[in-house]
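Novice: Dropping the sequence and predicted coords here.
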Amino acid sequence: MTDILVAKDISKTYFDTVAKDDVVALSGVSLSVAAHDFVSVIGPSGCGKSTFLRIVAGLDTPTSGEILVSGKKVSGPGADRGMVFQEYALLPWKTTETNIEFGLRLKGIPKDERRKIAHRFIELVGLKGFEKKYPHQLSGGMRQRAAVARVLANNPTVLLMDEPFAAVDAMTRQRLQEELTAIAASERTTVLFVTHAIEEAVFLSNRVVALSGRPGKVIADIRIDLPRPRRWEELVRDQRFIAYRDELTRCIHGNAPVHGNHA
Amino acid sequence: MSLADTSTASPVAPRPSHRGRFWWFSEILPFAVGILIWQALSSLNVWPRVLFPSPLEVAQAFVEDIASGVLPVNLGVSLQSLLLGFVVGAAIAVPLGYLMGLNRAGRDFFDPLVNLLQAIPGLAWIPFAILWFGLGQGAVTFIIVMSVFFPVLHNLLTGIRMVQPVLIEAVQTLGAKRWAVIAHVIFPATLPNLMTGIRLGIAFGFRSLVGGEMIASTNGLGYAIFNAQQYFQSARIVVGMLAIGITWLIMDRFILRPIEQRTTMRWGLVREGIETA
């Protein structure tokens, strides 16, 4: 597999206007993501993982270092790096359907064709029957399904996700995680996923990269060798899943976790 | 992957329509109550008729003024000034608002000027309006332009400042460039504030219309009210006042509300009201 996304020695320093001081958010983070891989970046809050993702998206600029996507240097946001946000960020004035086909419309794809593509993804994320609804008429889980479909329909080189399931309830979250692993596998999507939840990262990913507390540096890079499709009811009792989780927890918190119920 | 998603689906139920058989009743009830109270007060005969005309006298004057053509002519003149003044004021305020809201240089240049001018009431322009345009519709229209301009601009600027950055970032990662961001995010996101600005602009325009016509004109509803007072025709004063109120109700009901119902309300950005339990 070839590396489709390469982050070279990314550092980010910004000026904190309240503390009136420079803050080093990221310090020399390098990371390569292979095509069709599912990679999660985890770390304690404030470690700069979201900043890192925003730099990959081109929404933030690094103080030093560079991002290459398909060998091309990133200089701003672009359709090759579609992002799913925690806040859904659907356009309230567009329906499920027109939100999902928005990227295709920007590309100038004719209406019939983009509607066909949009409907395939509406079906894929389980929103059939809600095509004509506006975002405010959908539940949180449905909004995030639409947001995922909106990026996937645009066929990005890499799907970026910034704590996308943090705002939904626990039951919906597990369900969305299971659906995401299935979709990423069937669509062969390359995913870069940011979360502070260790179990979520292990559950979803082929590979988990842990960042240290501020300034963020890579402190662990672990391959997750678990079979797919993954289901929560099986994995919570899986010894390998527990071992990965504990290893990453030790890495991040510097001590062993308490064993017990963690569903 | 399931299709029907009952565990997470809690879409907002469609609002029950309140347009039953007697929908008109709730629309006229407040007015009926108002007229009844008015009639009761005037039946007490506490005040002389000339100070407190009854609803019946006003209705008579209303019919007379329509029949004689005085009311339609004055209403026509006033509406013309108001609409022209509003269109010109908004046509300057809206592009300037987007220029100031979306462009730092534009903001830095125009912000101090706008701040200086917006504290000056439209009516303060009456002397210059008369000097420049003479007594008549031109002067009144100019005053309305000055009154409409600032509420429209101010509300639009507020709206632009309130656009959620995440919406802009999301469409940028879908490939949107500057103009697509403006057309598909900023413009629709500012519509609620733009509508508020338009409402306030028209309301301020009415104020200046009446004030302007009283001083700087020889026709229109404001002049008619002023003139009626000179001849102690108090019922005619009320006719002029009501004509303004009814004109606004019609504009709100048949122009502004349908626009809002089709846009900002449909998108869930603005609600009819908040009913607490």
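Specialist: Received it, and whenever you're ready, just let me know what you need.

Novice: what pairs with A:Gly192 across the strands?
Specialist: Wrong residue type there; residue A:192 is Leu, not Gly. Assessed by DSSP bridges, A:Leu192 has beta-bridge partners A:Val39, A:Leu160.

Novice: quick one, what contacts the nearest residue to A:Glu87 once chain neighbours are set aside?
Specialist: Nearest residue to A:Glu87, sequence neighbours excluded (CB to CB, 6 or more residues apart in numbering or on different chains): B:Val166, at 5.3 Å. Heads up, the C-betas are built off the backbone N, CA and C, glycines and all. Taking CB atoms under 8 Å, 6 or more residues apart in numbering or on different chains, we find B:Val166 in contact with A:Phe85, A:Glu87, A:Ala89.

Novice: does B:Val166 sit in a helix or strand, and which one?
Specialist: For B:Val166, the element it lies in under DSSP states H and E is helix B:165-172.

Novice: which parts of that helix are buried?
Specialist: B:Val166, B:Leu167, B:Ile168, B:Glu169, B:Ala170, B:Val171, B:Gln172 (16 or more other CB atoms under 10 Å in any protein chain shown).

Novice: now swap in stretch A:50-63 and tell me
Specialist: Those buried within stretch A:50-63 under the rule 16+ other CB under 10 Å are A:Ser50, A:Thr51, A:Phe52, A:Leu53, A:Arg54, A:Ile55, A:Val56, A:Ala57, A:Gly58, A:Leu59, A:Asp60, A:Pro62.

Novice: quick one: is the helix or strand in which the first one is found near chain B?
Specialist: This points to A:Ser50. Element membership of A:Ser50 [criterion: DSSP H and E] is helix A:49-57. Yes. Counting by CB under 8 Å from any CB of the partner chain, chain B is contacted by helix A:49-57 at A:Ala57.

Novice: can I get the CA coordinates of the helix or strand just after that helix in CSV?
Specialist: Next in sequence after helix A:49-57, counting helices and strands by DSSP H and E, comes strand A:64-69. Provided in CSV are the C-alpha atoms of strand A:64-69 (Å, rounded to 0.1, in the frame of the first residue of the first chain):
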residue,chain,number,x,y,z
SER,A,64,6.7,24.5,10.3
GLY,A,65,6.4,21.2,8.4
GLU,A,66,4.2,20.2,5.5
ILE,A,67,1.3,18.0,4.5
LEU,A,68,1.3,16.0,1.3
VAL,A,69,-1.8,14.4,-0.1
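
Novice: who does strand A:64-69 pair up with?
Specialist: Determined by DSSP bridges, the sheet partners of strand A:64-69 are strand A:3-16 (antiparallel), strand A:72-73 (antiparallel).

Novice: Buried residues in the helix or strand that the longest one is followed by, which are they?
Specialist: Downstream of strand A:3-16, the next assigned helix or strand under DSSP H and E is strand A:21-34. The neighbour-count criterion (16+ other CB under 10 Å) identifies A:Ala25, A:Leu26, A:Ser27, A:Val29, A:Leu31, A:Val33 as the buried residues of strand A:21-34.

Novice: next one: stretch A:64-71
Specialist: Across stretch A:64-71, burial judged by 16+ other CB under 10 Å covers A:Gly65, A:Ile67, A:Val69.

Novice: State which one residue of the stretch 151-263 of chain A is found closest to chain B.
Specialist: A:Thr172 (4.6 Å; CB to the nearest CB).

Novice: Who's the closest spatial neighbour of that residue, skipping the chain neighbours?
Specialist: Using CB to CB, 6+ apart and skipping the chain neighbours, the partner closest in space to A:Thr172 is A:Gly141 (4.1 Å).

Novice: Export stretch B:263-276 to PDB, keeping only CA atoms.
Specialist: Output of stretch B:263-276 as PDB, limited to C-alpha atoms (Å, rounded to 0.1, in the frame of the first residue of the first chain):
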ATOM      1  CA  THR B 263     -37.100  30.500   4.100                       C
ATOM      2  CA  THR B 264     -35.900  31.100   7.700                       C
ATOM      3  CA  MET B 265     -38.900  29.400   9.400                       C
ATOM      4  CA  ARG B 266     -38.700  26.400   7.100                       C
ATOM      5  CA  TRP B 267     -35.000  26.000   7.800                       C
ATOM      6  CA  GLY B 268     -35.600  26.000  11.500                       C
ATOM      7  CA  LEU B 269     -33.600  29.200  12.000                       C
ATOM      8  CA  VAL B 270     -36.500  31.200  13.300                       C
ATOM      9  CA  ARG B 271     -39.600  30.100  15.100                       C
ATOM     10  CA  GLU B 272     -43.100  31.600  15.500                       C
ATOM     11  CA  GLY B 273     -42.500  31.800  19.300                       C
ATOM     12  CA  ILE B 274     -41.500  29.800  22.300                       C
ATOM     13  CA  GLU B 275     -44.300  28.200  24.200                       C
ATOM     14  CA  THR B 276     -43.200  27.300  27.700                       C
END
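
Novice: What are the contacting residues of it?
Specialist: For stretch B:263-276, the external contacting residues (CB under 8 Å, 6+ apart) are A:Pro92, A:Trp93, A:Tyr134, A:Pro135, A:His136, A:Gln137, B:Val12, B:Pro188, B:Leu191, B:Pro192, B:Met195, B:Glu260.

Novice: of those residues, buried ones?
Specialist: By neighbour count, with 16+ other CB under 10 Å, the contacts of stretch B:263-276 hold A:Pro92, A:Trp93, A:Tyr134, A:Pro135, A:Gln137, B:Pro188, B:Leu191, B:Pro192, B:Met195, B:Glu260 as buried.

Novice: Please name the spatially closest residue to the closest residue to chain B within the stretch 101-250 of chain A (chain neighbours excluded).
Specialist: Proximity to chain B, evaluated over the stretch 101-250 of chain A using CB to the nearest CB, is greatest for A:His136 at 2.8 Å. Closest residue to A:His136 apart from its sequence neighbours, by CB to CB, 6+ apart: B:Gly268 at 2.8 Å.

Novice: hang on, the one you found in a helix?
Specialist: No. Counting by DSSP: H, G, I helix; E, B strand; the rest coil, B:Gly268 is not found in a helix; it is coil.

Novice: neighbours around it, how many?
Specialist: Per other CB atoms under 10 Å in any protein chain shown, the neighbour tally for B:Gly268 reads 14.

Novice: Kindly report the same for B:Ile225.
Specialist: Residues lying near B:Ile225 (other CB under 10 Å) number 22.

Novice: what bits of the stretch 101-250 of chain A have low per-residue confidence?
Specialist: Counting by pLDDT under 70, the stretch 101-250 of chain A has no low-confidence residues at all.
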